[in-house]
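Engineer: just the structure for this:
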Amino acid sequence: MVNKYLKALILTIVLLALGLWLMNSIEERRIAAVARELEELSLDADQTQQLLFYETVFGSNAEICPVLSGLIGAQEEKTKDVLAKFEAVNASGASLDVRTLRRKYLNENVRLYLFVEKYRQECNDTNRTSVLYFFTEKTFNPDEAAQQKVLDSIVNDCPHVRVFALPHDEGIPVADVIISKYGIASYPSLVINGEKITGLRAKGELVGKLGCGIGDANITRERLFDQPSA
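Structural biologist: Residues are numbered from 1 along each chain as shown. Sure, this is the predicted structure:
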């Protein structure tokens, strides 16, 4: 009888260990996949940086603007894909690997924002509009959650709008500089076309500033939370 229970216990332990191993293996593969895509993003960013350095050295941007437009557009799409995959991995836990991936993603996102702004200045591109969205990472804020849903909806409706979400409490140097420049002291906060916008704002108000010509200026807090995020 003892042997019977002992065998059952051993089998249970083996099955449990196997299940944990499979879960860890799957998680490691997912993290590795996101890491590879972030590395590819970094390589793409290096190429973009080379083109901008070319303009600095030779003082001419006529020949690089079409190439830059294509590169930056591709980086924007890749960044969206990586973000979706990273959020899936991040939901599974805050391991050291995941935190490192997050830092890498934020670095690439900041670098892409700077590339986009440099490209707009050098190539006189008015077809892209950048929105800086500052939020709190370490604590939950319902207004920030609602604002994120509004921004997701705007991005879906306005192809020329790109939202760069930057946590104010992660010690990102560029974010800290922008926060200081605009005197941002509360969250959520946005910067659109050089204008600081603080507090929860409805879709109708924001699309008016972004030139989309859509939206409902009378969206309430309740409707904001009911609206599905993209």
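Engineer: please count neighbours and contacts with C-alpha atoms only from this point.
Structural biologist: Fine.
Engineer: which stretches of the chain form strands?
Structural biologist: Assigned by DSSP state E, the strands in the chain fall at 129-135, 161-167, 189-192, 195-198.
Engineer: make JSON lines out of the ones you listed and add mean pLDDT, mean neighbour count and distance to residue 52.
Structural biologist: Formatted as JSON lines, these follow (pLDDT from 0 to 100; neighbours: other CA atoms under 10 Å; distance: least, CA to CA, whole Å):
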{"stretch": "strand 129-135", "mean pLDDT": "95", "mean neighbour count": "21", "distance to residue 52": "19"}
{"stretch": "strand 161-167", "mean pLDDT": "93", "mean neighbour count": "19", "distance to residue 52": "20"}
{"stretch": "strand 189-192", "mean pLDDT": "96", "mean neighbour count": "20", "distance to residue 52": "24"}
{"stretch": "strand 195-198", "mean pLDDT": "95", "mean neighbour count": "14", "distance to residue 52": "26"}
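Engineer: tell me the bridge partners for the nearest residue to residue 155 once chain neighbours are set aside.
Structural biologist: Leaving aside its sequence neighbours, residue 155 sits nearest to residue 161 (CA to CA, 6 or more residues apart in numbering; 5.8 Å). Counting by DSSP bridges, residue 161 is bridged to residue 129.
Engineer: surely residue 161 is in contact with residue 131?
Structural biologist: Yes - between residue 161 and residue 131 there is a contact under CA atoms under 8 Å: 7.2 Å.
Engineer: one step back: mind putting the strands of the chain in a markdown table, distance to residue 42 included?
Structural biologist: Shown next, in a markdown table, are the strands of the chain (distance: least, CA to CA, whole Å):
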| stretch | distance to residue 42 |
| --- | --- |
| strand 129-135 | 20 |
| strand 161-167 | 17 |
| strand 189-192 | 26 |
| strand 195-198 | 30 |
